[in-house]
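[1] pasting the sequence and the predicted model now:
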Amino acid sequence: MIFRRFRAEYSDGVIDLIPLHISPPAKELEFGHEQIWSITLHNQRREIGQISYRTGESRAVYYFGHIGYHVDPAYRGHHYAARACQLLRKEILLSGKCSVVITCDPDNLPSRKTCQSLGCRMESVCSVPEKMQRDFELSPAKCRYIWKMKEER
């Protein structure tokens, strides 16, 4: 199912997450459902990045993580990735998860700082199997961060 609307699904008054699409489970990667949102500045339509949430549990999710994000270079340094992750907290809890994995390359210091600012715990730096590196253009190693969901009361 693909949808494109310009009404924010989640907003914190600084950024909005606008749904792009939901992908049905793909056999090859076993991501479960993957939901992708555009990150925009509040009340603007211009995309400044994207964030995705994968509901599955698989070998691929082990290396890709449940959450993936990127922010366009001109908009980096404003903590938009961390804000986008926080906005997905409700979606994660609704899917029944109490923790999710975020992965990044060991040399990606901005992403590592994003994970730290969210309160994630670094689980490990793991080697990515060569076949996965080749098939999916992954780096040889990934930092695995665990982000525990705590319901806000």
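    Structure's in. What do you need?
[2] is the nearest residue to Ile18 once chain neighbours are set aside in a helix, a strand, or coil?
    By the measure of C-beta to C-beta, 6 or more residues apart in numbering, the closest residue to Ile18 outside its immediate chain neighbours is Ser38, 4.5 Å from it. Where you see a C-beta, it was placed from the backbone N, CA and C, and this is true even at glycine. Judged by DSSP: H, G, I helix; E, B strand; the rest coil, the three-state class of Ser38 is strand.
[3] swap in Trp147?
    With three-state DSSP as the basis, the three-state label of Trp147 is strand.
[4] now Tyr62
    Classification of Tyr62 using three-state DSSP returns helix.
[5] helix or strand: which one has Pro110?
    Here Pro110 is covered by helix 109-117, with elements defined by DSSP states H and E.
[6] what residues of that helix count as buried?
    Buried positions in helix 109-117, judged by neighbour count with 16 or more other C-beta atoms under 10 Å: 111-112, 114-115.
[7] surely Gly13 is in a helix?
    No - assessed with three-state DSSP, Gly13 is coil; it does not lie in a helix.
[8] quick one on the thing from earlier: would CSV of the buried residues of helix 109-117 with pLDDT be doable?
    Rendered in CSV, the data for the buried residues of helix 109-117 read as follows (pLDDT from 0 to 100):
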residue, pLDDT
Ser111, 97
Arg112, 97
Thr114, 97
Cys115, 98
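[9] can you put the residues you listed in CSV and add distance to Glu9?
    Supplementary listing: those in CSV, determined by distance: C-beta to C-beta, whole Å:
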residue, distance to Glu9
Ser111, 23
Arg112, 27
Thr114, 21
Cys115, 23
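[10] measure Ala141 to Ser23 for me?
    Look at Ala141 and Ser23: by C-beta to C-beta, to the nearest Å, they are 27 Å apart.
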